[in-house]
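S.K.: Model the structure of this input:
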Amino acid sequence: MLQGIGAALVNQAGINNENVTGNVLEKRNLAY
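M.R.: Numbers count the residues shown, from 1 in each chain. You can find the predicted model right below:
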């Protein structure tokens, strides 16, 4: 059970990181 929760948290963190990275890249592209 705990392993499942940990995996879910890691997956959510990974999704959040991808979203943040995507937003940063979009802003950089707009800046150019």
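
S.K.: quick one: pLDDT of M1?
M.R.: With respect to pLDDT, M1 has a value of 63.

S.K.: oh, and call the first residue 248 from now on, that's how I've got it
M.R.: Shifting the count to begin at 248 puts that one at M248.

S.K.: And the helices in this protein?
M.R.: With DSSP state H as the criterion, the chain has helices at 249-278.

S.K.: which intervals of it have sub-threshold pLDDT?
M.R.: For the chain, the stretches flagged by pLDDT under 70 are 248, 279.

S.K.: same thing but at 80, please
M.R.: For the chain, applying pLDDT under 80 flags the ranges 248-250, 252-253, 257-258, 260-267, 269, 272, 274-279.

S.K.: what's the burial count for V267?
M.R.: Residue neighbour count, defined by other CB atoms under 10 Å, stands at 10 for V267. The C-beta positions use only the backbone N, C-alpha and C, and glycine is treated the same way.

S.K.: how near is it to A260?
M.R.: In this view, V267 and A260 are 10 Å apart by CB to CB, to the nearest Å.

S.K.: Next: G253.
M.R.: 11 Å.

S.K.: Output stretch 263-279 as CSV, nothing but the C-alphas.
M.R.: Output of stretch 263-279 as CSV, limited to C-alpha atoms (Å, rounded to 0.1, in the frame of the first residue of the first chain):
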residue,chain,number,x,y,z
ASN,A,263,4.4,18.6,-12.3
ASN,A,264,8.1,18.8,-13.3
GLU,A,265,7.2,18.2,-17.0
ASN,A,266,4.6,21.0,-16.8
VAL,A,267,7.0,23.4,-15.3
THR,A,268,9.7,22.6,-17.8
GLY,A,269,7.2,23.0,-20.6
ASN,A,270,6.0,26.3,-19.4
VAL,A,271,9.6,27.6,-19.1
LEU,A,272,10.4,26.4,-22.6
GLU,A,273,7.3,28.1,-23.9
LYS,A,274,8.2,31.4,-22.2
ARG,A,275,11.8,31.1,-23.7
ASN,A,276,10.4,30.6,-27.1
LEU,A,277,8.1,33.6,-26.7
ALA,A,278,11.0,35.7,-25.5
TYR,A,279,12.9,35.1,-28.7
